[in-house]
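Participant: Let's see this in three dimensions:
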Amino acid sequence: LICLFDVSNGSINRSITLDMGRICNVLFSVNGLSIIFGGDENDYQNGTIKVWNIDIEKEDAIISLECGNSVEELALSPDGSLLASASNNGEVRVWDFSSDS
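Facilitator: Alright, predicted model coming up:
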């Protein structure tokens, strides 16, 4: 369970339930409309990236790496057009994260 808090009063603003085994990294998109999660599936085998749309409160995209390694790190380019993922086997992948792709 992921909770988004209102920093002005400490109350929970929204909560998100994801079907993931382990979440290792969390990022907000540059435009603030999405949250990106990196980790692995419930079998703790295949790396997964999930993009959660904050406004409609559902997943926009799921990327399954199917490589037997979890996604340990995520990073966005300053303009938000590229997403980099690093797996625990040392593999780094770069994804087109532009809004028109």
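Participant: Which positions are bridged to the residue most central in space within the chain in the beta structure?
Facilitator: Central residue of the chain (CA atoms, centre = their mean): residue 37, 1.9 Å from the mean position. Beta bridges link residue 37 to residue 26, residue 50, judged by DSSP bridges.
Participant: so what's it up against?
Facilitator: Contact partners of residue 37, counting by CB atoms under 8 Å, 6 or more residues apart in numbering, are 2, 18, 20, 23, 25, 26, 48, 49, 50, 51, 52. In this view, the C-beta of every residue, glycine as well, is placed from N, C-alpha and C.
Participant: Would you state the strands of the chain in chain order?
Facilitator: Secondary structure of the chain (DSSP state E): strands at 2-5, 12-16, 22-28, 34-40, 47-53, 58-64, 71-76, 82-87, 92-96.
Participant: Quick one: work out the angle between the fourth one and strand 12-16.
Facilitator: Meaning strand 34-40. Angle between the axes of strand 34-40 and strand 12-16 is 50 degrees (criterion: axes from the mean of the first three to the mean of the last three CA atoms, to 10 degrees).
Participant: average pLDDT across strand 34-40?
Facilitator: Averaging pLDDT along strand 34-40 yields 91.
Participant: follow-up on the earlier one: which of the contacts of residue 37 are buried?
Facilitator: By neighbour count, with 16 or more other CB atoms under 10 Å, those hold 20, 23, 25, 48, 49, 50, 51, 52 as buried.
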